[in-house]
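> My questions concern the predicted model and sequence given below.
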Amino acid sequence: MPDDTTLAARRAALAARGVRDETTSTTDPPLPPELAILDQVASDPTAEERRVGIVDRFFPEKGFGFLHYDEGRSIFFHVTQCEEGGEGIAPGTRLSFRIGHNPKKGKTQAEALRRVE
């Protein structure tokens, strides 16, 4: 509990002895390179901005594929993130999306995908 007087006294005693408290870091460690775009998205006021990409590869039997966007960048997508379902998605299909995070894989992924005519 943050208001625990015993804990506060212990921290004060350690601080007086010059022992640094490693449990309360004021800064977060840097993101790994593959997640660096999330740092930009978190600090970007236009984070909800939708991007447009073209399906490069799609594996309908597995339910996932990859989009190319922003002059050659590639991002993973899963059909569960397609707002209109996965029907009709094939290489060359234009989709708009938001950049999100896949906690299971620890990587970025396309989310809230919609077809673009």
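That came in fine, so what should we check first?
> For L113, give the beta-bridge partners.
Using DSSP bridges, the bridge partners assigned to L113 are C82.
> That one: neighbour count?
25 (other C-beta atoms under 10 Å). (Glycine included, C-beta is placed from N, CA and C.)
> For G63, see how far away it is.
As judged by C-beta to C-beta, to the nearest Å, L113 and G63 stand 12 Å apart.
> again with V19
Note on V19: its distance to G63, by C-beta to C-beta, is 52 Å.
> out of these two, which sits in the busier spot?
G63 (14 against 10).
> which residue packs closest to that one, ignoring adjacent ones?
Nearest residue to G63 in three dimensions, chain neighbours excluded: V79, at 4.4 Å (C-beta to C-beta, 6 or more residues apart in numbering).
> quick one: contacts for that neighbour?
By C-beta atoms under 8 Å, 6 or more residues apart in numbering, V79 lies in contact with 63-64, 85-86, 89.
> Now intersect these with the strands, please.
F64 (DSSP state E).
> Widest-spaced pair of the contacts of V79?
Longest distance between any two of the contacts of V79 is 14.1 Å, between F64 and G85; criterion C-beta to C-beta.
> Pick out whichever of these two has more residues nearby.
Neighbours were counted for F64 and for G85 using other C-beta under 10 Å; F64 has more, 17 against 9.
> which residues touch the nearest residue to the more buried one once chain neighbours are set aside?
Nearest residue to F64, sequence neighbours excluded (C-beta to C-beta, 6+ apart): H78, at 4.8 Å. Residues counted as contacts of H78 (C-beta under 8 Å, 6+ apart) are 63-64, 109.
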